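A.B. asks: dropping a prediction and its sequence here:
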Amino acid sequence: MSAVHGGVPEHGRVPRYYAVKRQLLNLLAELGEGALLPAERDLAAAYGVARSTLRQAISELTLEGRLRAYRGRGTFVAAPKLIQPLELVSYTEALRETGHRPGRRVVTAERIPAGAALAGDLRIAPDDEVLHLERVLLADDEPFGLESTYLPAGRFPGLMDGFDATGSLYRHLRTRYGISYAEATERIETVLATPRDALLIAANPALPMLLMQRVSYDAGGVPIERVRSLYRGDRIGFVTRLRAT
């Protein structure tokens, strides 16, 4: 396989659609966020390519989150991705720090048996109940993630009493139970969303998603929760600082 620098292979042969994609990136920078992309026929004529070549370039930019397509309205320059820190901080606080308005929409709030896998992560018996809270994550009223949180019901009696599930669970656990998050293990991978998940977060089922699975612990090393978070790859990115050990 040839080495690649800036998207251009060492042999210098660049696929036509990719050359068009680079031209489109320059155009998007000129147009600015929210601008309507010119008609396909006009762009194809301007770049001297077939419309099928142009569509391939536009399709990649849409998958990358640089363009947003709306049926019947056209294709628009997308807003920059949300960049969130990979830290043990409240989603609410982290989003506000970036200048966005956080929100959540509750999908599921239930008590269910833990089962073997979940019980192992939370160090409880498989027959013990867990509280399952599933919420759509919103930024400025736009859905970009789906979060499922599982907590040992026995450790948090009456958790849902008086709790606004559209608010911060971190804050609620801290103020009501005196629980502070100390550390977590987290696994990140790319997946495709199920039809249900894609519908809940208004995403294209063919769009790659970021799946993050985390188990959080208190200062005594006792598990607090297991969280499964599915994020739209076109709308969010993550940043962290690495230090040598």
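C.D. replies: Arrived safely, thanks for sending. Numbers count the residues shown, from 1 in each chain.
A.B. asks: for the record, mean pLDDT for the strand or helix carrying S216?
C.D. replies: Following DSSP states H and E, one finds S216 within strand 208-217. Taken as a whole, strand 208-217 has an average pLDDT of 94.
A.B. asks: strand partners of that strand, parallel vs antiparallel please.
C.D. replies: For strand 208-217, the paired strands and their directions (DSSP bridges) are strand 183-192 (antiparallel), strand 223-232 (antiparallel).
A.B. asks: buried stuff in the first one?
C.D. replies: Just to be clear, that refers to strand 183-192. Buried residues in strand 183-192, counted by 16 or more other C-beta atoms under 10 Å: A184. C-beta here means a position set from N, CA and C on the backbone, and glycine is covered the same way.
A.B. asks: what's the helix or strand following it packed up against?
C.D. replies: Following strand 183-192 in sequence order, the next helix or strand is helix 195-200 (DSSP H and E). Contacts defined by 3 or more C-beta pairs under 8 Å, 6 or more residues apart in numbering; DSSP states H and E place helix 195-200 against strand 142-152.
A.B. asks: in its sheet, what does the strand it packs on sit against?
C.D. replies: strand 129-139 (antiparallel), strand 223-232 (antiparallel).
A.B. asks: tally of neighbours for the nearest residue to G32 once chain neighbours are set aside?
C.D. replies: Nearest non-adjacent residue to G32, counting by C-beta to C-beta, 6 or more residues apart in numbering: V77, 6.4 Å away. Other residues lying near V77 total 19 when counted by other C-beta atoms under 10 Å.
A.B. asks: quick one, what contacts V77?
C.D. replies: L28, L31, G32, E33, G34, A35, L37, R66, L67, R68 (C-beta atoms under 8 Å, 6 or more residues apart in numbering).
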